[in-house]
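[1] Give me the fold of what follows.
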Amino acid sequence: MVTLSSTLSLPSKSNLCCSSSTYRHLHVCAIYVAHLFDYESSLAKEFTISQRLNIAIVGFSNMGQFLATTLVRQGHTVLTYSHSDHSNAVRKLGVLFFENHDDLWEEHPKVILLCCSIISTECHNILFVDVLFVKEFPKKLLLELLPYDFDVLCTHLMFQPESTSDG
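    You can find the predicted model right below:
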């Protein structure tokens, strides 16, 4: 931090209109505040980075690609796995693709979006988000197959990839 100091001589209040030589001294100190703003800016950046998640998308067809586009735009790291070849979409969207689901789990995603048929894994402390159109069967299957400490969120999206003009 830099401190700037200066002494000014100002006419006293009673002598503003007069030509008298009575002056009072004013000592001014200023702190170089750009450093403080830089610090706040770096804290804000660290906070933003800390809010970013590793999000896995299992199944990378239309819905998976649609969600990946939004998540990448928000600054999240998107990890994908699919049985099908989606290499063009992966390159275009800037997501990480894993040919083996075990390699995907080693990345320790904090959120997993199921955008395909139901699968089973041996991961722990993970939130499974189901974006399938049918709710009862996937919910029952996930609760039966997944370990008890997994979180399951069954959603019904009010939109389709085709329902938005630009994704």
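
[2] do you know how far G59 is from R52?
    Counting by CB to CB, to the nearest Å, the separation of G59 from R52 is 22 Å. For every residue, glycine as well, the C-beta is placed using N, CA and C.

[3] more crowded one of the two?
    Comparing G59 with R52 by other CB atoms under 10 Å, the one with more neighbours is G59, at 22 against 13.

[4] ok, the more buried one touching I112?
    No: counting by CB atoms under 8 Å, G59 does not reach I112; the two are 10.6 Å apart.

[5] what is in contact with the two at once?
    By CB atoms under 8 Å, 6 or more residues apart in numbering, G59 and I112 have no common neighbours.

[6] Which residue ranges of this structure form helices?
    With helices called from DSSP state H, the chain shows them at 34-50, 62-73, 87-93, 101-105, 136-145.

[7] How about residues contacting the third one?
    Translated: helix 87-93. Contacts of helix 87-93 (CB under 8 Å, 6+ apart): 60, 65, 68-69, 72, 78, 80, 96-97.

[8] Can you list the buried residues in it?
    Within helix 87-93, the residues scored as buried using 16 or more other CB atoms under 10 Å are 89-90, 93.

[9] quick one: low-confidence ranges for the protein?
    Along the chain, segments meeting pLDDT under 70 span 1-50, 116-125, 158-167.

[10] mind redoing it with 90?
    Applying pLDDT under 90 to the chain flags the ranges 1-53, 58-64, 82-88, 99-102, 105, 112-167.

[11] Report the separation between H108 and E136.
    H108 sits 30 Å away from E136, going by CB to CB.

[12] and what of L146?
    16 Å.

[13] list the contacts for I126?
    By CB under 8 Å, 6+ apart, the contact set of I126 is 109-112, 150-151.
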